[in-house]
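Chemist: below is the sequence, then the predicted model.
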Amino acid sequence: TIERLEEFRPKVGSKIFSADGEELGEFAIEARQVVSLNDIPLKLQKAFIATEDDTFYEHKGIRPLALLVALKDALRTNHLRGASTITQQIVRNIDATGISKEVKIQRKLREMLVALQLERQYTKDEILELYLNQIFLGISAYGVEAAARQYYLKNVSELTLGESALLAGLTRGPNNQHPFRYPERAERRRDIVLAQMLREGFITQEEHDAAVAESVAESVITPDEREFYMDKKDNRWTPNKFKAPYFVEEARKFIMNPPAPYEVSASQDELFEGGLQIYTTIDLRLQKAAEEIMTRALEKFDAKKLASLTKAGKEDQFIPVSGALVCLDNRVDLVGNSYDYRGYIRAMVGGRNFDLKKFNNATQARRQPGSGVKPFVWLTALDNGMTPSDYVSDERVQYVDAVGTPYEPVNFSGKYEGPIPMRKGLELSKNVISVKLAAHFTTPLVRSYMRSAGFKLPINEGLSMALGASDTRVIDQAESYSTLANGGIHIRPTMITQ
């Protein structure tokens, strides 16, 4: 059992960072930030010792007298309670020891034996450090650092005496006494801990009185305040709460199940418990701009749509729209070869609000790209003998398919220019010319260029493909346009750099 304990490592979440090293958030099942005992204030250490094990630095892992009282009580009531030292709590709460949490005398005896072994193997400071990093303190906080961030948005080193005592008071029934929901209970437990500290001589009467006078309601961080600090990039409490959330979720899926030809991946346990450091391509400056631009555009569209429906007396039919934006980097140093950022995803917005709707319009929504495919039709023509100056007649035309069904493309404006250079045809986004080029060079050839550029979803066989009638995703279209920007070289989008 001791050998297994030596291999034990606290479950620490994995942090994910932007391209410039700013923390985006943390993947965690048990929200924990491991800190050394030197970084934990002495007043907080003493608070836990006072309430949990006042003879911690004196006993050898168990308290025989307290145990005898507890055993006597157990024989009388058939219920074993109390008498556990900090060392015994570690043995009981760490799965690696193999000690269950059953309330039985046999289990208690095994727990005692392992606790004695643990005390011989480790120093008191090492045991206390493990305990303070492992203990559950309510909601999703494991360890004192995570609890300090959760309740106070502080590092543990910044806690006051009253705040330290409150955390120590959470050890017994933390989810029934935490200050978010039960501030009165939390305050009562805090005052009990402070009284215990005073009795043990850990604090003076003056310190005790000052700590009791601290307001729990004023010191605890509220959910609204946390959101404010998140917006201000104060990221000291972010278990599973992320900046650029749509991007981070895509990165998570990529890490856990990377597509070919990528081979390096991480299991769910490794990602949420392995303490990985993940560095991404996202540029938070561009990400913020993208989010602001998307919000303004959607609000403007909604306002116009709502006004139109209201005018028609149909405002009850109004549904807010959503949108997506992807920004890819195309920079590369072809001379000095000092950098190559091609394909780096610098910004991704997948919707209005990730907390309300996690569906990512940038990577999951399938929409017809419309005229967005036309550059690839023109590319097919240019790569197969035509030039931007070659003339094509912009006039009505009709095609008949193999089963006799007629197809007649029309320009969006309803106007036709007659013979115009290919260059102008693309500039004016002429539907007729796009269909003519696809018909001349054949749809299979056009489709092959689209595939090579980055379009991944099925592309239909008909001439309407030249007008973007086949579904695609925003990320695929951005990837395809990136191929044009990179001189015909296809670069896969990249999210993870390290």
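Modeler: Nice, I can see it.

Chemist: going forward, measure contacts and count neighbours with C-alpha atoms only.
Modeler: Will do.

Chemist: can you tell me what sits against the helix or strand hosting residue 194?
Modeler: Secondary structure assignment for residue 194, by DSSP states H and E: helix 183-199. The contact list for helix 183-199, computed with C-alpha atoms under 8 Å, 6 or more residues apart in numbering, reads 46-47, 50-51, 162, 165-170, 177-179, 203-205, 208, 211-212, 216-217.

Chemist: okay, now residue 169: neighbour count?
Modeler: Neighbour count for residue 169, taken as other C-alpha atoms under 10 Å: 28.

Chemist: from residue 163, how far off is it?
Modeler: 10 Å (C-alpha to C-alpha, to the nearest Å).

Chemist: what is the neighbour count of residue 278?
Modeler: 21.

Chemist: just the helices from the stretch 151-300 of the chain, written as ranges.
Modeler: Assigned helices in the stretch 151-300 of the chain, in chain order: 161-169, 183-199, 205-212, 216-219, 223-231, 245-256, 268-273, 284-311 (criterion: DSSP state H, counting those that start in this stretch).

Chemist: same list (those helices) but as JSON lines, adding mean pLDDT and distance to residue 347.
Modeler: Below are those laid out as JSON lines (pLDDT from 0 to 100; distance: least, C-alpha to C-alpha, whole Å):
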{"stretch": "helix 161-169", "mean pLDDT": "94", "distance to residue 347": "39"}
{"stretch": "helix 183-199", "mean pLDDT": "93", "distance to residue 347": "41"}
{"stretch": "helix 205-212", "mean pLDDT": "94", "distance to residue 347": "46"}
{"stretch": "helix 216-219", "mean pLDDT": "88", "distance to residue 347": "36"}
{"stretch": "helix 223-231", "mean pLDDT": "64", "distance to residue 347": "17"}
{"stretch": "helix 245-256", "mean pLDDT": "92", "distance to residue 347": "8"}
{"stretch": "helix 268-273", "mean pLDDT": "79", "distance to residue 347": "23"}
{"stretch": "helix 284-311", "mean pLDDT": "94", "distance to residue 347": "5"}
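
Chemist: can you list the buried residues in stretch 296-308?
Modeler: 298, 302, 305-306 (16 or more other C-alpha atoms under 10 Å).

Chemist: stretch 391-411 now?
Modeler: 391-394, 409-411.

Chemist: next step: those residues restricted to strands.
Modeler: Among these, the members found in strands (DSSP state E) are 391-394.

Chemist: can I get those in JSON lines with distance to residue 91 and pLDDT?
Modeler: Converted to JSON lines, these look like this (distance: C-alpha to C-alpha, whole Å; pLDDT from 0 to 100):
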{"residue": "391", "distance to residue 91": "83", "pLDDT": "96"}
{"residue": "392", "distance to residue 91": "82", "pLDDT": "95"}
{"residue": "393", "distance to residue 91": "83", "pLDDT": "95"}
{"residue": "394", "distance to residue 91": "82", "pLDDT": "95"}
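
Chemist: do you know how far the closest residue to residue 421 other than its chain neighbours is from residue 441?
Modeler: Nearest residue to residue 421, sequence neighbours excluded (C-alpha to C-alpha, 6 or more residues apart in numbering): residue 391, at 4.2 Å. Noted for residue 391: a distance of 15 Å to residue 441, by C-alpha to C-alpha.

Chemist: now residue 290: how far from residue 492?
Modeler: From residue 290 over to residue 492 (counting by C-alpha to C-alpha), the distance is 21 Å.

Chemist: higher neighbour count, the two?
Modeler: Higher neighbour count among residue 290 and residue 492: residue 290, with 20 against 17, using other C-alpha under 10 Å.

Chemist: residues contacting that one?
Modeler: Counted by C-alpha under 8 Å, 6+ apart, residue 290 has contacts 325, 347-349.

Chemist: lowest mean pLDDT among the helices and strands, pick that one out for the chain.
Modeler: Each helix and strand of the chain was given a mean pLDDT (mean pLDDT, DSSP states H and E); the minimum falls on helix 2-7 at a mean of 58.

Chemist: can you classify residue 348 as helix, strand or coil?
Modeler: Following DSSP: H, G, I helix; E, B strand; the rest coil, residue 348 is assigned to strand.

Chemist: strands of the stretch 351-498 of the chain, start to end?
Modeler: For the stretch 351-498 of the chain, the strands defined by DSSP state E, counting those that start in this stretch occupy 391-394, 399-400, 406-407, 418-421.

Chemist: need the ones you listed in CSV (columns: distance to residue 14).
Modeler: Below are the strands of the stretch 351-498 of the chain laid out as CSV (distance: least, C-alpha to C-alpha, whole Å):
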stretch, distance to residue 14
strand 391-394, 57
strand 399-400, 58
strand 406-407, 55
strand 418-421, 56
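
Chemist: closest to residue 484 out of these?
Modeler: Residue 484 sits nearest to strand 418-421 of all the strands of the stretch 351-498 of the chain, at 20.8 Å, using C-alpha to C-alpha.

Chemist: so where's the stretch 51-200 of the chain shaky on pLDDT?
Modeler: 66-83, 94-108 (pLDDT under 70).

Chemist: hang on, the earlier thing: ok now the helix holding residue 194, how far from the chain's centre?
Modeler: 36 Å (C-alpha atoms, centre = their mean, to the nearest Å).
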